[in-house]
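Engineer: Sequence first, then the predicted structure:
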Amino acid sequence: MIGYYNYTVWLTYLSLISAALGIGASLHGIGHPYIGIFFLMLSGLCDAFDGRVARRKKDRTEEEKKFGIQIDSLADLVAFGVLPACIGLSLATLGPDLRGSIIKDFRELCVQGFLSSVLIIILVFYVLAALIRLAYYNVLEEERQKTETGNRKYFVGMPVTAASLLFPTIMLAQYLLPFDITWLYFLGLLVLGILFLSNIRVPKPTLKGILIMVAIGAAEGVLLIIGMFLLSHIRY
């Protein structure tokens, strides 16, 4: 059987499985984007530590290292490229809002006319930007490893994993805002897609920085669960 299956890639595979489940949760039936967002955060958690786990194996072959780089980017494309787009599609056309009702006027606008075309263009642009960002990173990383040792100090362009913190934050805004946040979510897709392709340099987070981001993600998850629980009881 082709491929590698030791512990160095388990978290990457789990991230991909989580993303696939999130896509299904977002698009199945009437869809539920707020369940999909939990799978997005789980993928982000797996990605936060997969590289560190892989580097603990000191006897990795060059093939294993290259496989790890490629499989990580492929999983990231699904988890942080395709899944956020599917959540956005569910928000715009399928899914219920946090208050358990459909924002009919907005949904009707989303499925017809000019606005529908704009939303589709944003979705396609976002996924394409994530693809280009990941492919470009792979090229740079391969060239860097020919001349440098150790880990890189910064990223060129916003890492796609930023999606796992940005979009849960936007979803949380629905608790505070009196209007549907779908348009805000799509604005986030557009802005983040542009940042994927930008030349900005983003410092690679240290372990402390990773733990802070994990803590933020955990807090967002707890707040989403509490909010959905409270609103469901208020509604009934």
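Structural biologist: Okay, I see it. Numbering: from 1, shown residues only.

Engineer: Enumerate every residue touching Ser18.
Structural biologist: 39, 42-43, 46, 79 (C-beta atoms under 8 Å, 6 or more residues apart in numbering). C-beta here means a position set from N, CA and C on the backbone, and glycine is covered the same way.

Engineer: now swap in Ile87 and tell me
Structural biologist: Counting by C-beta under 8 Å, 6+ apart, Ile87 touches 22, 26, 33, 36-37, 40, 167, 185.

Engineer: Of those, just say which sits nearest to Leu211.
Structural biologist: Compare each of the contacts of Ile87 with Leu211 using C-beta to C-beta and the shortest gap goes to Leu40, at 19.2 Å.

Engineer: Tell me how far that closest one lies from Ala163.
Structural biologist: Taking C-beta to C-beta, to the nearest Å as the criterion, Leu40 is separated from Ala163 by 7 Å.

Engineer: Need the residues touching each of the two.
Structural biologist: Overlap between the neighbourhoods of Leu40 and Ala163 consists of 80, 84, taking contacts as C-beta under 8 Å, 6+ apart.

Engineer: center of the chain, which residue is that?
Structural biologist: The residue lying closest to the centre of the chain (C-alpha atoms, centre = their mean) is Phe80, at 2.9 Å.

Engineer: Break down the chain into its helices, ranges please.
Structural biologist: Listed in chain order, the helices of the chain (DSSP state H) span 10-27, 33-55, 62-76, 83-89, 104-110, 113-147, 163-172, 182-197, 207-235.

Engineer: quick one, which of those is packed in tightest?
Structural biologist: Comparing the helices of the chain by mean neighbour count (mean count of other C-beta atoms under 10 Å), helix 83-89 comes out on top with a mean of 26.

Engineer: Nearest to Leu207 among the contacts of Ile87?
Structural biologist: Proximity of the contacts of Ile87 to Leu207, judged by C-beta to C-beta, is greatest for Leu40, which lies at 22.4 Å.

Engineer: pretty sure that closest one contacts Gly22?
Structural biologist: Yes - applying C-beta atoms under 8 Å, one finds Leu40 in contact with Gly22, separated by 5.7 Å.

Engineer: returning to that earlier point: check the gap between the residue nearest to the centre of the chain and Leu115 for me.
Structural biologist: As it turns out, when the distance is counted by C-beta to C-beta, Phe80 lies 25 Å from Leu115.

Engineer: what does His28 give?
Structural biologist: For His28, the distance to Leu115 equals 24 Å [C-beta to C-beta].

Engineer: Please identify every residue contacting each of Leu40 and Gly22.
Structural biologist: 79, 83, 87.

Engineer: And the first one, how close does it get to Thr12?
Structural biologist: Separation of Ala79 from Thr12 (C-beta to C-beta): 10 Å.

Engineer: any residues in contact with both of the two?
Structural biologist: Asp47.

Engineer: ok, now which ones touch the closest residue to Lys57 other than its chain neighbours?
Structural biologist: Leaving aside its sequence neighbours, Lys57 sits nearest to Thr8 (C-beta to C-beta, 6 or more residues apart in numbering; 5.1 Å). Applying C-beta under 8 Å, 6+ apart, one finds that Thr8 lies in contact with 53-54, 56-57, 60, 64, 68.
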